[in-house]
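Undergrad: Below is the structure, and that's it, no one-letter string:
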């Protein structure tokens, strides 16, 4: 099903906010017409396997904050898991420019978390679903 809403009124929207409910209503009617009953969650096994892998994985080593920050420098924050807006706000607070790639949540940043950088630098952050 392809749902296209050309220029929805009221501001900036994402597909999940506007088009997804329309597609859901269409599928509900189609499934009802075809007598297809709701099934259990098909992702339960996948979620269980992911949780099991996370339990078995060794804990991630967290980088430490530098004990001394040279004058005129700033400490790069850890942006992992932040949205583009959240990352941009954090970087703006320290005078660093964001170059965003992708969409979703931050999964990689070109300047490592807690490293010492110059204000005014541009940091590339990759966002993924």
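TA: Received it, and whenever you're ready, just let me know what you need. For clarity, every value in this text was computed on a predicted model and none was experimentally measured. Numbers count the residues shown, from 1 in each chain.

Undergrad: who's in contact with residue 77?
TA: With CB atoms under 8 Å, 6 or more residues apart in numbering as the criterion, the residues that contact residue 77 are 90, 91, 94, 113, 114. C-beta coordinates here come from the backbone N, C-alpha and C atoms, glycine included.

Undergrad: What residues of the longest helix that the chain contains count as buried?
TA: Ranked by residue count, the top helix of the chain under DSSP state H comes out as helix 15-33. Of the residues in helix 15-33, those buried under the neighbour-count criterion (16 or more other CB atoms under 10 Å) are residue 19.

Undergrad: Residues contacting stretch 16-30, please?
TA: The set of residues that contact stretch 16-30 without belonging to it, under CB under 8 Å, 6+ apart, is 1, 3, 4, 5, 8.

Undergrad: quick revisit: could you give the mean pLDDT of the longest helix of the chain?
TA: The predicted model gives helix 15-33 an average pLDDT of 84.

Undergrad: Quick one: distance of it to the chain centre.
TA: Its chain's average C-alpha position is 24 Å from that of helix 15-33, according to CA atoms, centre = their mean, to the nearest Å.

Undergrad: And stretch 89-96, by the same measure?
TA: 18 Å.

Undergrad: For that stretch, buried residues please.
TA: Within stretch 89-96, the residues that qualify as buried are 90, 91, 96, counting by 16+ other CB under 10 Å.

Undergrad: residues contacting the residue nearest the centre of the chain?
TA: Centrality entry for the chain: nearest residue to the mean C-alpha point is residue 105, 1.4 Å, by CA atoms, centre = their mean. Residues touching residue 105, when contacts are defined by CB under 8 Å, 6+ apart, comprise 80, 81, 82, 83, 127, 128, 129.

Undergrad: This protein - how does it break down into domains?
TA: The record, using automatic domain parsing to delimit domains, assigns the chain the ranges 15-56, 74-128.

Undergrad: Next, the distance between the ends of the last one.
TA: Pointing back at domain 74-128 there. 26 Å (CA to CA, to the nearest Å).

Undergrad: Please shift the residue numbers so they start at 636 in all later answers.
TA: Right, with 636 as the first residue, what we last looked at is domain 709-763.
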